[in-house]
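Engineer: this is a predicted model, with the sequence first.
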Amino acid sequence: MNRTQKIAGALMTVLSGAAVYSFFALRYPYHLHFQEQYQLFEFTWGYFSGVAGVPGGLADWAGRFLTQFCYYAPAGAAVTALVFCALQLLTWAACRQRTLPVYALSFLPSAILLVFLCDEHSLLGGPVALILALAASVLCRRVASARVRRVTEAVLVPALYMACGPLVVVFVLVRILDEGGRGGRIVALAAVLLAIAALCPPVAARLFPYPLGRLYLGVHYYRYHNILPGLLWISALGVVVTVLVSLSKGRILSGTLRGVLVFACVAGAGTFFTLRTADPVKEEWMRYDFMVRMQMWNRIMMAADRRNPDNPKTVSCLNLALSKTGRMPDHQFEYFQNGPEGLLPEFVGDCTNPVSTGEIYWHLGMVNTAQRFAFEAQEAIPDFQKSARFYQRLAQTNIVNGDTDVARKYLKALTHTAFYRKWARETLSLLDAGTVFEQRPELARARDLRLREHDFFFSGTEMDSMLGLLKVENPSNTMALDYLMAWCLLRKDLDRFVECIGLVEAPVMPKAYQEALLLRWVLTHSNFEGLPAYLSPDNALRINNFIVDMQAKSPEEEMRRKYGDTYWFYYYYRYRSSTQ
């Protein structure tokens, strides 16, 4: 390439890297936080040997090392951009023809890899394995002696299989293409390298407890082991195709304009499929879950004001923020509500659903339930990793319950991490000094709110009884009262709501409670005579207008516009309870 083309190529790489960074840092940052919370990377020899001592283990360890930086979204975005650029530059380095169109085509594998990384269950071990295999191929080219080079290639195949798993096939194919591009006889070399690569999984199956199919397709490339990471393998195929194309000769692979056009096509296709694959619904839930984890209650309210969430998991996070900011009794029905599932979602035995729900129980003071949800979520992680986030919660719940020996086990593991070390060491010191509850107010609050004198089995069908017990035993637990009243309202159980209203101690009856009491009055009385003084006349007039509009069969959209912020609209137009 001439100087102009080299500058153009450098700009392509810089702009692409900046675009990838901007996408993950600004549009998809909570996807990165989600990745980080499902691993526990420890700086210990035992952890390294346990992870790296299996086929593909070194790449997996390196991928986990990089993933830990996703604790901070800008750092995780920078790591992702570096992985993108590294694969592109190595693909270019493996190409024989040095023209701008070939340079532009070298972005193809990275573009496919970017789409793969938009899947929340993709692991960085796969891209690292691909980069290791390609880097080894590029380094082998530097061996001048053909005989030494081919012996090195044969020796590296099993070594790379142990380091990066079955993606060693990229090393094999690129080396075969490169040797063929030199004009040498490669039939024997191809047969030897392919035979060694094909024999690696059966040999590994005798040494490691993995099914043969996984040893052929990859052990640590994807969180769900029964799913083939197709896009990762297509990206690997893209590397081979790009190298193969670079071997051809002709003017079609030269020229600045052609290079720009090829880059535009690859970048356009990559952008299209990346945006198509990125799931805004999942990203929204990950965002709300992250804000709950960091207790950003006001930020949750600001996000809900900009866009009203309608997914049960995000609505449950919103309701938690409403209660933590003291707004639930007055403002809950100004936001979309989809029944009790949006308040306390039912337990689902996977690694995602119990996460934010467990946070709700933790703040309610149901410490044992929060502990069970954290433990079950960790045990359900598909690739059997541990979670630093769950370890932190389990340490907290065990401290509150007085099981300090168990808590120390979790804390000691966290001391070997990069981003949880400080908190874990400080907490261990506080445990040793006996001042953990004085210095950790969140633990003291959970200790004060948890039930001491009553043992009960957790039951989602008797949630009102458990919430009521929390409030009765701990009168200061206003959140338990908020959730008790909201549980009755969301289930449309007005009789139970009236039974519990005596627990409310407020100078002015909250708006949502007034609306529920007015609705029950209307359903049980023929007029408003004798209406209690704590029920606002303005609200009475408004419910009267609501009834008139309903009897006139006004369209639902008009009713939403006029009464969408009321409990009455929810009662008649939203969630249908099983008792109705």
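Structural biologist: Received it, and whenever you're ready, just let me know what you need. Numbering: from 1, shown residues only.

Engineer: wait, what's in contact with the closest residue to Tyr420 other than its chain neighbours?
Structural biologist: Nearest residue to Tyr420, sequence neighbours excluded (C-beta to C-beta, 6 or more residues apart in numbering): Leu414, at 4.3 Å. Bear in mind the C-beta positions are built from the backbone N, C-alpha and C, glycine included. Applying C-beta atoms under 8 Å, 6 or more residues apart in numbering to Leu414 gives the contacts 40, 388, 391-392, 395, 420-421, 423-424.

Engineer: dihedrals phi and psi, Ser122?
Structural biologist: The phi/psi pair for Ser122 (degrees, to the nearest 10) reads phi -70, psi 150.

Engineer: wait, it touches Ile227, no?
Structural biologist: No - look at Ser122 against Ile227 with C-beta atoms under 8 Å: they stay out of range, at 10.3 Å.

Engineer: neighbour-wise, which of the two wins?
Structural biologist: Ranked by neighbour count (other C-beta atoms under 10 Å), Ser122 and Ile227 place Ser122 first, with 21 against 13.

Engineer: so how far is Thr80 from the more buried one?
Structural biologist: According to C-beta to C-beta, to the nearest Å, Ser122 stands 11 Å off from Thr80.

Engineer: quick check: the residue nearest to Tyr420 vs Ala380, distance?
Structural biologist: In terms of C-beta to C-beta, Leu414 sits 20 Å off from Ala380.

Engineer: now swap in Asp549 and tell me
Structural biologist: 47 Å.

Engineer: what does Trp233 give?
Structural biologist: 26 Å.

Engineer: more crowded one of the two?
Structural biologist: Remark: of Trp233 and Ala380, Trp233 carries more neighbours, 21 against 15, as counted by other C-beta under 10 Å.

Engineer: just the residues contacting the helix or strand hosting the more buried one, thanks.
Structural biologist: Per DSSP states H and E, Trp233 falls inside helix 230-247. Here helix 230-247 makes contact (C-beta under 8 Å, 6+ apart) with 87, 91, 94-97, 102, 105-106, 108-110, 112-113, 115-116, 119, 122, 126-127, 130, 134, 167, 169-170, 173-174, 177-178, 180-181, 218, 221-222, 253.

Engineer: which among these end up buried?
Structural biologist: 87, 91, 94-97, 102, 105-106, 108-110, 112-113, 115-116, 119, 122, 126-127, 130, 134, 167, 169-170, 173-174, 177-178, 180-181, 218, 221-222, 253 (16 or more other C-beta atoms under 10 Å).

Engineer: in helices, which of those residues fall?
Structural biologist: 87, 91, 94, 102, 105, 108-110, 112-113, 115-116, 126-127, 130, 134, 169-170, 173-174, 177-178, 180-181 (DSSP state H).

Engineer: then stretch 395-402 to PDB, C-alphas only?
Structural biologist: Presented in PDB, the C-alpha positions along stretch 395-402 are these (Å, rounded to 0.1, in the frame of the first residue of the first chain):
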ATOM      1  CA  ALA A 395     -21.600 -12.900  52.800                       C
ATOM      2  CA  GLN A 396     -24.000 -10.200  53.900                       C
ATOM      3  CA  THR A 397     -26.900 -12.500  54.700                       C
ATOM      4  CA  ASN A 398     -24.700 -14.900  56.700                       C
ATOM      5  CA  ILE A 399     -23.300 -12.000  58.700                       C
ATOM      6  CA  VAL A 400     -26.800 -10.800  59.500                       C
ATOM      7  CA  ASN A 401     -27.900 -14.400  60.500                       C
ATOM      8  CA  GLY A 402     -24.900 -14.700  62.700                       C
END
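
Engineer: average pLDDT across that stretch?
Structural biologist: On average, the pLDDT along stretch 395-402 is 96.

Engineer: helices of the stretch 1-150 of the chain, residue ranges please.
Structural biologist: Under the criterion DSSP state H, counting those that start in this stretch, the stretch 1-150 of the chain carries helices at the ranges 3-22, 29-36, 45-52, 57-67, 73-94, 100-105, 108-117, 125-141, 146-164.
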